[in-house]
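Trainee: Provided below are the primary sequence and the corresponding predicted coordinates.
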Amino acid sequence: MPRSSPPSPPSPPSPPSPSPLADGLRFAFGTLTVLPVRVHRWDRAAARGGMLCAPVAGLVVGGCAAGLGLLLLLLGAGPLLAAVASVAVPAALTRGLHLDGLADTADGLGSGKPAEDALRIMKQSDIGPFGVLTLVLALLAQVAVLAQLYAGSWARGALAAVVSAGAARLALTLAARAGVPAARPEGLGAAVAGVVPKGAALALAIGVPAAAGAAGACLGGYDGARAAFAVAAGAGGAEVLLRRCLRRFGGVTGDVFGAVAETAAVTALVVLALGR
């Protein structure tokens, strides 16, 4: 009688697949920053997680901006240089894509042409007069506010840098909510348009201002209320622009996402500068 063959050794267990949270964080940091994070999945589920995690990326970007500003103040630099540095960090960590989107969107909205022609203008590599003017004013406003706040209190300046970055990324999440269509069938705008459930968008619209308020409360109740209101106002300003773009272009593009982020950041900073 032939001997039975020995049982084959068990196959090694397959490595566990990354969690949805890990996929979301990778998508958020891999697409919204230049940090060396590899995105493994590009499907709608990963995009949904990424846009839900966008405020987390904003916290990191804002923290880096505040950190460089504070370092310069510690080394003896004035508040203006610290403000310039705090504005430069988010631009560098996003390769300037949000600022480029703001300029392109301004050109598209200011062109007065039909939607198809306006979208073609936005895709061109050059920047027109509307884009240049909008870009210069947005950067000047951010530097002016941060210089004012750093001059009054290093802690309030640092808080403003973080709050504005968080407001900008919250605006991205809200712009990617369900019901917001893409203007084009391709590009990052199409990949993330409409991926965030409305309930989750509403939860973040409440939670992110509340978190900003809690952070601001470390400096006092008034600062906490101002920080929460600044994030809410930033989201509101971005929503106004988003609705204008939806009417004008028929949907969102990657440029529109960049524009709503910069609009939210500037609005939040202006709110923090008022009433002092």
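Mentor: Perfect, I can see it now.

Trainee: Surely Gly236 touches Thr267?
Mentor: Yes. Taking contacts as CB atoms under 8 Å, Gly236 lies within contact range of Thr267: 7.4 Å. Glycine gets a C-beta too; all of them are placed from N, C-alpha and C.

Trainee: Compare these two (neighbour count), which wins?
Mentor: Using other CB atoms under 10 Å, the more surrounded residue of Gly236 and Thr267 is Thr267, with 26 against 16.

Trainee: Please settle this for me: is that one part of a helix?
Mentor: Yes. Going by DSSP: H, G, I helix; E, B strand; the rest coil, the assignment for Thr267 places it inside a helix.

Trainee: buried sites along stretch 95-102?
Mentor: Going by neighbour count (16 or more other CB atoms under 10 Å), the buried part of stretch 95-102 is Leu97, His98, Leu99, Asp100, Gly101, Leu102.

Trainee: Would you format these as JSON lines with pLDDT included?
Mentor: Converted to JSON lines, the buried residues of stretch 95-102 look like this (pLDDT from 0 to 100):
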{"residue": "Leu97", "pLDDT": "92"}
{"residue": "His98", "pLDDT": "95"}
{"residue": "Leu99", "pLDDT": "96"}
{"residue": "Asp100", "pLDDT": "95"}
{"residue": "Gly101", "pLDDT": "95"}
{"residue": "Leu102", "pLDDT": "97"}
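
Trainee: Would you format those as CSV with secondary structure and distance to Leu174 included?
Mentor: Listed next are the buried residues of stretch 95-102 as CSV, based on DSSP: H, G, I helix; E, B strand; the rest coil; distance: CB to CB, whole Å:
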residue, secondary structure, distance to Leu174
Leu97, helix, 18
His98, helix, 15
Leu99, helix, 20
Asp100, helix, 21
Gly101, helix, 16
Leu102, helix, 17
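
Trainee: Ala261 versus Arg120, what's the distance?
Mentor: For Arg120, the distance to Ala261 (CB to CB, to the nearest Å) stands at 23 Å.

Trainee: Compare the two (neighbour count), which wins?
Mentor: Neighbour totals were compared for Arg120 and Ala261, and Ala261 leads with 30 against 13 (other CB under 10 Å).

Trainee: in this protein, which helix or strand is least confident?
Mentor: Each helix and strand of the chain was given a mean pLDDT (mean pLDDT, DSSP states H and E); the minimum falls on helix 188-192 at a mean of 84.

Trainee: from the chain's centre, how far out does the helix or strand just after that helix sit?
Mentor: Reading on from helix 188-192 to the C-terminus, the next helix or strand found by DSSP states H and E is helix 198-216. Put simply, helix 198-216 sits 14 Å off its chain's centre (CA atoms, centre = their mean, to the nearest Å).
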